[in-house]
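Undergrad: got a predicted structure plus its sequence, pasted below:
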There are 2 protein chains.
Amino acid sequence: MAEEMLDALDRAGVRLTGPRRKLAALIERREGHFTAADLLKDAGRRRMGIGRATVFRLLELLSEQGLVERIDLPDGTHAYIPCEPTHHHHLVCLNCGATTDVDDCGIEAVTHEAARRSGFKIEQHRLELFGRCPDCRSAN
Amino acid sequence: MAEEMLDALDRAGVRLTGPRRKLAALIERREGHFTAADLLKDAGRRRMGIGRATVFRLLELLSEQGLVERIDLPDGTHAYIPCEPTHHHHLVCLNCGATTDVDDCGIEAVTHEAARRSGFKIEQHRLELFGRCPDCRSAN
DNA sequence: AGCACATATGATACCCAGTATCAATAGACC
DNA sequence: GGTCTATTGATACTGGGTATCATATGTGCT
Ligand SMILES: [Zn+2]
Ligand SMILES: [Zn+2]
Ligand SMILES: [Zn+2]
Ligand SMILES: [Zn+2]
């Protein structure tokens, strides 16, 4: 999956630098959603000497390529989820942060109807589902 | 609509203070979504002497009462939309910021299906539609 | 392999949203 | 009006994110 990110960066025409490779590897090891600060801490712990700005820059790049998606948690903080670059949405565990993709988003009917009633031309949508993952449910 | 907010604050058991009344009036005059900074500027222009913290505090209160909803625009900034305290979603114009409510969110089917497949217990969802309002469409 | 050059990096300083603190103020209720 | 507590606003602070810019490093060419 780090490979996937590096391929995408290559395809996007940007350089495959050391910091980018290292960060991609760190992202690969992450479970669930993470913040820019989390990544920065990961890098710091391993003395990678990676700068704050570089982390944000890579996350933006990956986000443009759709390999990472920035979501807004219910508590207002921003987090990132590694994912596939196709249209889909996320199911996020409010307890442990685990995420799952919801690829068949059947809301085309909803958007169509909303467009018809409002006269708006709908160009994008965002759907996020929050709850408790199986583990956290059973762990109670 | 400022009345509505003040009533709700009253019902919530908090004091109906001068700053809150003034801010409610300012919110009433707003069109489309606005940021905390916008409100603060409104108040500043009129020499209302309202502090930064007070604005944030009121927005949080109103948000708890469901009279204002905080949304995350595609560009990553936070904005508020005055609205009714019932479950609904927003259609936001990417050009002028106008908003409309979408009260019939027909995504229960989607969430049900997602829950069944993933094993998650879904507790909340967020759906936001972005596009162009009728005015902005015709204005090209 | 070596060169040249543009891109990327990281240190630093900075900006902006939001929050903690706290003495002073002003609602609410009697 | 008087009391008592919630609220206010000034100030200082935090934390996410960005602009700057001299330095370092990929990449393409030879
Ligand atoms: Zn979980
Ligand atoms: Zn969708
Ligand atoms: Zn518009
Ligand atoms: Zn809904």
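TA: It's in. Source: prediction; values computed, not measured. Ligands and ions are numbered 1, 2, ... in the order given.
Undergrad: residues contacting stretch A:39-57, please?
TA: A:Pro19, A:Lys22, A:Leu23, A:Leu26, A:Ile27, A:Arg29, A:Arg30, A:Ala36, A:Leu59 (Cβ atoms under 8 Å, 6 or more residues apart in numbering or on different chains). The way it works is simple: take the backbone N, C-alpha and C, and place the C-beta from them, glycine included.
Undergrad: narrow those to those in helices?
TA: Counted as lying in helices by DSSP state H, out of the contacts of stretch A:39-57, are A:Pro19, A:Lys22, A:Leu23, A:Leu26, A:Ile27, A:Arg29, A:Ala36, A:Leu59.
Undergrad: chain center to stretch A:33-44, what's the gap?
TA: 13 Å (Cα atoms, centre = their mean, to the nearest Å).
Undergrad: near DNA strand D, which residues of chain A are found?
TA: A:10, A:15-18, A:35-37, A:52-53, A:56, A:60, A:77-78 (Cβ under 7 Å from any atom of the strand).
Undergrad: got the buried residues for the helix or strand harbouring A:Met5?
TA: Element membership of A:Met5 [criterion: DSSP states H and E] is helix A:2-11. By neighbour count on 16 or more other Cβ atoms under 10 Å in any protein chain shown, the buried set for helix A:2-11 is A:Ala2, A:Met5, A:Ala8, A:Leu9.
Undergrad: quick one: contacts for the third one?
TA: Taking Cβ under 8 Å, 6+ apart as the contact definition, A:Ala8 lies against A:Leu62, A:Gln65, A:Leu67, A:Pro85.
Undergrad: could you measure from it over to A:Leu67?
TA: 6 Å (Cβ to Cβ, to the nearest Å).
Undergrad: what is in contact with the two at once?
TA: A:Pro85.
Undergrad: before we move on, back to that, going by distance to ligand 3, which of the contacts of stretch A:39-57 wins?
TA: Distance to ligand 3 across these (Cβ to the ion) is lowest for A:Leu59, with 30.0 Å.
Undergrad: quick one: the closest one and A:Ala36 touch, right?
TA: Yes - contact criterion Cβ atoms under 8 Å: A:Leu59 and A:Ala36 qualify, at 5.9 Å.
Undergrad: which one's more surrounded, these two?
TA: Regarding A:Leu59 and A:Ala36, a neighbour count based on other Cβ atoms under 10 Å in any protein chain shown identifies A:Leu59 as having more, with 20 against 17.
Undergrad: read off the pLDDT value for the nearest residue to A:Met1 once chain neighbours are set aside.
TA: Nearest residue to A:Met1, sequence neighbours excluded (Cβ to Cβ, 6 or more residues apart in numbering or on different chains): A:Glu28, at 5.1 Å. pLDDT recorded at A:Glu28 is 96.
Undergrad: OK, contacts around A:Glu28?
TA: By Cβ under 8 Å, 6+ apart, the residues touching A:Glu28 are A:Met1, A:Ala2, A:Met5, A:Pro82.
Undergrad: repeat that for 10 Å
TA: Each residue near A:Glu28 by Cβ atoms under 10 Å, 6 or more residues apart in numbering or on different chains is listed here: A:Met1, A:Ala2, A:Glu3, A:Glu4, A:Met5, A:Pro82.
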